[in-house]
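Enquirer: Build the 3D model from these lines:
(one chain, ligands or ions: 1)
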Amino acid sequence: MDEFGGYTERDLDRIAVAQQAARLADRLRGLVGGHGHERSAQEWLSELIGPVLADADRLGELGRGYAHARGLSWAEIGAATGVDPGAARAAWEARPAGPLDDPAAAVAELDHWYMRTVWLDMHAALDTAPLGGRLDAARPGTDPSCLICRKYAGGVVPLWAGRAEPPGRHLLDDPLWRVGHGPAIFSPLGTLLIESKRHYLDYAEMTAEELATYPVLLARLMPVIKRVTGAERVHVFSNMDGAAHFHTWLLPRRPDQVRGRRFLTTPGWCLEPDAAAVIERMRELLAADGQG
Ligand SMILES: [Zn+2]
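Expert: Next up is the predicted model:
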């Protein structure tokens, strides 16, 4: 409807609020950890806390501008915020110039920012357009809601859903299955994640070929996991609550770790370079196994 690709004025103001909020959140993170007594008291006030307060003030201005674009008068905004209406209006009129060059790109980046910061919130993870889907210029999301299908279609998924290329690349990738290291943030070193290529829920929907090859896959992977990780047991875990798409976790339980079901409550995590190295070692063992 205009040069902004369908984005209304209140959309643009909402996007500006989101951009400022993401900037502020990133800055606030630096006040939680990473800095301590080694920074001088003056540096804390001027370099660490000062910019946060300035960003927060700016967020207030942008929020009042968004309210104005939605039809509130400056008097109503003043009553809602305690800010002098004249000052609120003056701050808004003095805002830095210009609409966004590319609102769609900004929205995509903000949707990505939001998804990156989603932890184990399933409702949020299934929302493929947390900002973009709530604007007047909303376009229906084209990404699959299934996190596994979305990941391989190039869509944005939370960190815990992994990436289309897992650490060290997939260990196996055939017409029926993908096997790779589990997302490092969520998996102890040496964890393998089996994912079906097709989208289906569970064993009841497997083809004869899938039913025949799945146990063979487990039988090949179990000894390799034990050999590389020194695990005494491999916990096989599959519930499809996170994604209604068949997948199985194979978690190595090492001799010094708690045994039984309690292991699954805190299995641990690892670093991606270590995971990639473990996958490389597993690849060598599987290759040797194939030749033997
Ligand atoms: Zn799927």
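Enquirer: can you pull the contacts of Asp173?
Expert: The contact partners of Asp173, by Cβ atoms under 8 Å, 6 or more residues apart in numbering, come to Val179. Where you see a C-beta, it was placed from the backbone N, CA and C, and this is true even at glycine.
Enquirer: so how far is the ion from it?
Expert: Separation of Asp173 from the ion (Cβ to the ion, to the nearest Å): 16 Å.
Enquirer: List phi and psi for that residue.
Expert: Main-chain torsions, Asp173, degrees, to the nearest 10: phi -150, psi 100.
Enquirer: can you pull up the bridge partners for it?
Expert: Arg178 (DSSP bridges).
Enquirer: Return the per-residue confidence for it.
Expert: The per-residue pLDDT reported for Asp173 equals 97.
Enquirer: Just confirm Val236 is within a helix.
Expert: No. Using DSSP: H, G, I helix; E, B strand; the rest coil, the secondary structure at Val236 is strand, not a helix.
Enquirer: And the pLDDT at the residue lying farthest from the centre of the chain?
Expert: In the chain, the residue that sits farthest from the middle, by Cα atoms, centre = their mean, is Gly86; the gap is 41.4 Å. Confidence at Gly86, expressed as pLDDT, is 94.
Enquirer: What about the closest residue to it other than its chain neighbours, how many residues nearby?
Expert: With sequence-adjacent residues excluded and distances taken as Cβ to Cβ, 6 or more residues apart in numbering, Gly86 is closest to Trp74, at 7.5 Å. Using other Cβ atoms under 10 Å, the number of residues around Trp74 comes to 19.
Enquirer: What of Val17?
Expert: Val17 sits with 19 neighbouring residues when counted by other Cβ under 10 Å.
Enquirer: Next: Phe246.
Expert: Neighbourhood size, Phe246 [other Cβ under 10 Å]: 23.
Enquirer: Hmm, Met240 and it touching each other?
Expert: Yes. The criterion here is Cβ atoms under 8 Å, and Phe246 meets it with Met240 at 6.8 Å.
Enquirer: Overlap in contacts, the two.
Expert: Common neighbours of Phe246 and Met240 (Cβ under 8 Å, 6+ apart) are 201-202.
Enquirer: quick revisit: show me what the one helix or strand the residue farthest from the centre of the chain maps to is in contact with.
Expert: Under the criterion of DSSP states H and E, Gly86 resides in helix 85-93. Applying Cβ under 8 Å, 6+ apart, the contact partners of helix 85-93 are 61, 64-65, 68, 73-75, 77-78, 81.
Enquirer: and the residue farthest from the centre of the chain, how far is that from the ion?
Expert: For Gly86 relative to the ion (Cβ to the ion), the value is 55 Å.
Enquirer: and if you look at Ala137?
Expert: Distance from Ala137 to the ion, counting by Cβ to the ion: 28 Å.
Enquirer: Helix or strand: which one has the closest residue to that residue other than its chain neighbours?
Expert: Distance criterion Cβ to Cβ, 6+ apart; nearest residue to Ala137, sequence neighbours excluded, is Gly6 at 3.9 Å. Gly6 belongs to no helix or strand when assigned by DSSP H and E.
Enquirer: Could you list the contact residues of the chain toward the ion?
Expert: Within the chain, the positions lying close to the ion (Cβ under 5 Å from the ion) are 146, 148-149, 199, 245.
Enquirer: For these, which two are the farthest from each other?
Expert: Greatest spatial distance in the residues of the chain next to the ion: Ile148 and His199, 7.5 Å, computed using Cβ to Cβ.
Enquirer: Between those two, point out the one with more neighbours.
Expert: More neighbours surround Ile148 than the other of Ile148 and His199, with 24 against 14 (other Cβ under 10 Å).
Enquirer: doesn't that one fall inside a strand?
Expert: No. Secondary structure of Ile148 (three-state DSSP): helix, not part of a strand.
Enquirer: List the residues that contact it.
Expert: 161, 195, 199, 243, 245, 247.
Enquirer: Excluding sequence neighbours, find me the nearest residue to it.
Expert: Closest residue in space to Ile148, ignoring its immediate chain neighbours: His245 at 4.2 Å, by Cβ to Cβ, 6+ apart.
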